[in-house]
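Visitor: Need a 3D model of the sequence below.
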Amino acid sequence: MRSRGERNTVRVLRSRQSFFLLRNDGLLQIGFPLQPLIRWQNRTFKNMPEYSVLTAQGDLIVGGATGVETRLPGNTTTTRKFLLSVGDGANSSAPSWDQILIDDVDGLLTALDGKAPSSHTHAQSEITDLVSTLELKADLVGGKLVTSQIPAVAISEFLGAVDDEDEMLELVGQRGDYCYRNDVQAAFWLTDDDPSAPENWLQVAIPSVSVQSVNGQTGVVVLGYSDVGAAAATHSHAISDITNLQTSLDSKADLSGANFSGNVTVSGAQLRAAHSSGATFAIETPSEGFTNMQRTTSSGQSVISFDPIPSDGTSLSEFRFFRNVNTTGNVELTLYRGNGTTSVQHKIRSKGGPTYFCLIDGDFGVGTNTPQAKFHSIGSTIVGIATSAVSDENIGNGQVNIWIDEASNKLMFKCKTSGGTIKTGEIAIA
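Guide: This next block holds a predicted model:
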């Protein structure tokens, strides 16, 4: 095929369903289907006219109304690359064009559904190894590394010398930096991140270098107490070495061992321990819970006197026991036999049990200091008598029980012999 120049030179192959343009770069199909192309591809064309009718961008060659190929003007105002003719093809002067939509191309929408949008995002987990890789990176907060992820390495920088605290607080630095204060001749270290806070600066004294020697020694100096005229760590003094010590001691009572001579007075409580010539007085606690008080005369007697003497000579004189005691147990005054044992002879109980006297031996006298029986009373005696008898098993051998039978006006009694036999008797009373 010969061309007339290089500009838009084509030959047209027509069929009933399609037409084709023959260009210098090959065969270009315009329309569908391909079957006519297959039918025409081995045919030889002769005496076909040559055309140079395409004069503008977008022009097409179509079959005219008379069967002669003519020019169909292109739509030069559109920027679309794929167009579909929707006008009257017989009217070559009024073509109408529209965009080829996705639905116009078989299978295109399905193919596009399987593709990602040109602008889209992905989760970190959808990118291989991204999460594990980021975990190995340091975090940034405000464009800075987090201090908790920085190893504990302090980098100190000297911020210079300042005249006073005000200038120090205007310094720009970080923890570990330091400066020198001329007003106090000391170094200050920044212990926190805010240099404008006075409490974040730690003063560090700078040792003076004016000392050249110590006690005439240089280098590593080790001094003993004798080198500086001092006493040893462990030493003693005479009384005269301590100012006014002897004068103070002269006003004190003498102490020999655990014994005092003279009167010892405790102010406030007025506790006074005194003795006559040749006597001793002691208060001690030999074991937990017990307190012993003992006074021994020169003759060997042990006599303890309690004398609650009224100060005016007319007020009550009273000896009290258990005044402030509050206990759920027995409250009792016990007198022991006095033979070095725990044998009880008398017991007076104010709570918790019976009171008894002369438990082991001895007689109890009322109105007499020489009782002749276990109970001996001198003078009128009133004894309360019950109106019923005590059961036999509660009467001991050699004991008698007396009561009044008010119905028969009789004084009744029964006794148990030493052999355990019960004997009864009665006395009529008017």
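Visitor: ok, the nearest residue to residue 157 once chain neighbours are set aside - contacts?
Guide: If the residues on either side of it in the chain are set aside, residue 157 comes closest to residue 177, at 4.8 Å by C-beta to C-beta, 6 or more residues apart in numbering. All C-beta spots, glycine's among them, are computed from the backbone N, C-alpha and C. Applying C-beta atoms under 8 Å, 6 or more residues apart in numbering to residue 177 gives the contacts 156, 157, 158, 159, 171, 189, 190, 195.
Visitor: where does the chain have low pLDDT?
Guide: Scanning the chain for pLDDT under 70 picks out 1-100, 151-154, 208-209, 253-298.
Visitor: Helices along that one, start to end?
Guide: Applying DSSP state H to the chain gives helices spanning 35-40, 108-113, 130-135, 165-169, 245-250.
Visitor: Which one of those lies nearest to residue 234?
Guide: helix 245-250 (19.8 Å; C-beta to C-beta).
Visitor: Which strands or helices does that closest one pack on?
Guide: Packed against helix 245-250, as judged by 3 or more C-beta pairs under 8 Å, 6 or more residues apart in numbering; DSSP states H and E, are no other helices or strands.
Visitor: Alpha carbons of that helix, as PDB, please.
Guide: Extracted C-alpha coordinates of helix 245-250, given in PDB (Å, rounded to 0.1, in the frame of the first residue of the first chain):
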ATOM      1  CA  LEU A 245      31.400  18.200 141.200                       C
ATOM      2  CA  GLN A 246      32.600  17.700 144.800                       C
ATOM      3  CA  THR A 247      30.400  20.600 146.000                       C
ATOM      4  CA  SER A 248      27.400  19.000 144.400                       C
ATOM      5  CA  LEU A 249      28.200  15.600 145.900                       C
ATOM      6  CA  ASP A 250      28.500  17.100 149.300                       C
END
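Visitor: ok, and what's touching that helix?
Guide: 239, 240.
Visitor: Stretch 197-214 now?
Guide: Here stretch 197-214 makes contact (C-beta under 8 Å, 6+ apart) with 165, 168-169, 178, 181, 184-195, 218, 221, 223.
Visitor: what's the domain layout of the chain?
Guide: 11-104, 158-204, 392-428 (automatic domain parsing).
Visitor: Can you name the residues bridging to the closest residue to residue 410 other than its chain neighbours?
Guide: Among residues not flanking residue 410 along the chain, residue 426 sits closest, at 4.6 Å (C-beta to C-beta, 6+ apart). Taking DSSP bridges as the rule, residue 426 bridges to residue 412.
Visitor: dump the residue contacts of residue 426.
Guide: 405, 410, 411, 412, 413.
Visitor: What of residue 360?
Guide: 337, 343, 345.
Visitor: and with 10 Å instead?
Guide: Residues in contact with residue 360 (C-beta atoms under 10 Å, 6 or more residues apart in numbering) are 337, 339, 343, 344, 345, 346.
Visitor: Now that we have those, which of them are buried?
Guide: Neighbour-count burial (16 or more other C-beta atoms under 10 Å) applied to the contacts of residue 360 gives 345, 346.
Visitor: How much space separates residue 232 from residue 406?
Guide: Residue 232 sits 98 Å away from residue 406, taking C-beta to C-beta, to the nearest Å as the criterion.
Visitor: Give me the neighbour count for the closest residue to residue 223 other than its chain neighbours.
Guide: Residue nearest to residue 223 in three dimensions, not counting chain neighbours: residue 215, with 6.0 Å by C-beta to C-beta, 6+ apart. Here the number of neighbours of residue 215 (other C-beta atoms under 10 Å) works out to 8.
Visitor: again, but for residue 190
Guide: Residues near residue 190, counting by other C-beta under 10 Å: 23.
Visitor: follow-up on the earlier one: weed out the non-buried ones from the contacts of residue 426.
Guide: Among these, those scoring as buried are 412, 413 (criterion: 16+ other C-beta under 10 Å).
Visitor: so which of the contacts of residue 426 would you say is closest to residue 302?
Guide: residue 413 (45.8 Å).
Visitor: picking up where we left off before, list the contacts for the residue nearest to residue 223?
Guide: 221, 223, 227, 228.
Visitor: Against residue 226, how distant is it?
Guide: Distance, residue 215 to residue 226, using C-beta to C-beta: 11 Å.
Visitor: try residue 429
Guide: 108 Å.
Visitor: Dump the helices of the chain into JSON lines; add distance to residue 385 and mean neighbour count as well.
Guide: Shown next, in JSON lines, are the helices of the chain (distance: least, C-beta to C-beta, whole Å; neighbours: other C-beta atoms under 10 Å):
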{"stretch": "helix 35-40", "distance to residue 385": "154", "mean neighbour count": "13"}
{"stretch": "helix 108-113", "distance to residue 385": "125", "mean neighbour count": "10"}
{"stretch": "helix 130-135", "distance to residue 385": "106", "mean neighbour count": "10"}
{"stretch": "helix 165-169", "distance to residue 385": "103", "mean neighbour count": "15"}
{"stretch": "helix 245-250", "distance to residue 385": "73", "mean neighbour count": "10"}
